[in-house]
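Student: Sequence first, predicted coordinates after that:
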Amino acid sequence: MIYTITLNPAVDKTIILDKMVRGSVNRTSNSFSIVGGKGINVSKTLRSLGIGSIASGFLGSKNSGFFIDYLRLIGIKPAFQIIDGINRTNIKIIETQGSIITEINEKGFKVELRDIDLLMKKLLEMIKKDDIVVISGSVPCGTPMTVYKDMIQKFNNKGAVTILDSSGEVLKNGIESVPYAVKPNIQELKNIVDLDENDIGSVVKGGMALIDRGINKVVVSMGGRGAILLSNKHRLFAEPLKVEVKNTVGAGDSMVAGIVYAVLKHLNDFELLKIASACGTASVISSRTALLNYKDIIDLNDMIKITRW
């Protein structure tokens, strides 16, 4: 079974306009709201690939129905710990002139230590040996910065395959428990190890420092510069495809879904980087109003070129 854990979910509200003028009235050409949060986004992309999953974490009681109803509708099983509060709204402003994307993310609800204990108890009862567990995103107020570290350690002890995608202190701490795979972008990696973000060789060296700590796979997303996969066997580079970028929100989450798919299907490192890159690219060419198009992912997968570093 595949589990995705989102401790700080969000309603992703996208606003599209020609050009935003600060200090003035701006009129939209379109807007829409969808269920979001990094782990939930991973589950959605997995669904596009025909893979089911269980989405867990916290949900605020005041608008939890919006999330649960949607997830059930698209075939994702919800198993959240419901707490007092309202799930945050993250606003994405897309300016079609210049392809500028501005994000405004709310903090979200506050959790208590007892909420974390109840969620962990629920997860440890469900997760079994060889299950794949994706832990991703930010953490809500009141959450210890060691929460991902503790989760990974406990899930590893149960024989699960853990994949971490976060940032800042929770990512740095989580790596100490040695997840199976991590997917930082360059800035997130730079906050953990010394590197020159303008030098791919330096990025490779920085990522290999995580491999040396015992992590099996490190996938570094570099946006328009492509992606890198590092393991004990390979140092691979995925060349970026030239596509029309419609929305960068959730692209990294789609890459994580590609990693999960590869682990589930026992794909090799070359195939893993290809499908992860294809999922990320399919995300940026999508308006994100619905699930990703499976055919787009497969077509893009055939186009991705992988070279050894």
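Tutor: Done, it's in. Numbering: from 1, shown residues only.
Student: roughly how far is the helix or strand harbouring residue 122 from the heart of the chain?
Tutor: Taking DSSP states H and E as the definition, one finds residue 122 inside helix 113-126. A distance of 22 Å separates the centroid of the chain from that of helix 113-126, by CA atoms, centre = their mean, to the nearest Å.
Student: and after that helix, which helix or strand comes next?
Tutor: Remark: after helix 113-126, the chain's next helix or strand is strand 132-136, criterion DSSP H and E.
Student: Can you list the strands that that following strand pairs with?
Tutor: strand 2-6 (parallel), strand 161-165 (parallel) (DSSP bridges).
Student: would you list these in TSV and tack on mean pLDDT?
Tutor: Output for the strands paired with strand 132-136, formatted as TSV (pLDDT from 0 to 100):
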stretch	mean pLDDT
strand 2-6	98
strand 161-165	98
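Student: can you put the ones you listed in CSV and add mean neighbour count and distance to residue 220?
Tutor: C-beta: built from backbone N, CA, C; applies to glycine. Compiled in CSV, the strands paired with strand 132-136 are given as follows (neighbours: other CB atoms under 10 Å; distance: least, CB to CB, whole Å):
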stretch, mean neighbour count, distance to residue 220
strand 2-6, 26, 21
strand 161-165, 26, 12
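Student: tell me, how many neighbours does residue 261 end up with?
Tutor: 24 (other CB atoms under 10 Å).
Student: what does residue 140 give?
Tutor: 24.
Student: Helix or strand for the residue most central in space within the chain, just tell me which one.
Tutor: In the chain, the C-alpha nearest the mean C-alpha coordinate belongs to residue 253, at 2.8 Å (CA atoms, centre = their mean). Using DSSP H and E, the element containing residue 253 is helix 251-264.
Student: what helices or strands is that helix leaning on?
Tutor: With contacts taken as 3 or more CB pairs under 8 Å, 6 or more residues apart in numbering; DSSP states H and E, helix 251-264 sits against helix 38-48, strand 132-136, strand 161-165, strand 217-221, helix 269-284.
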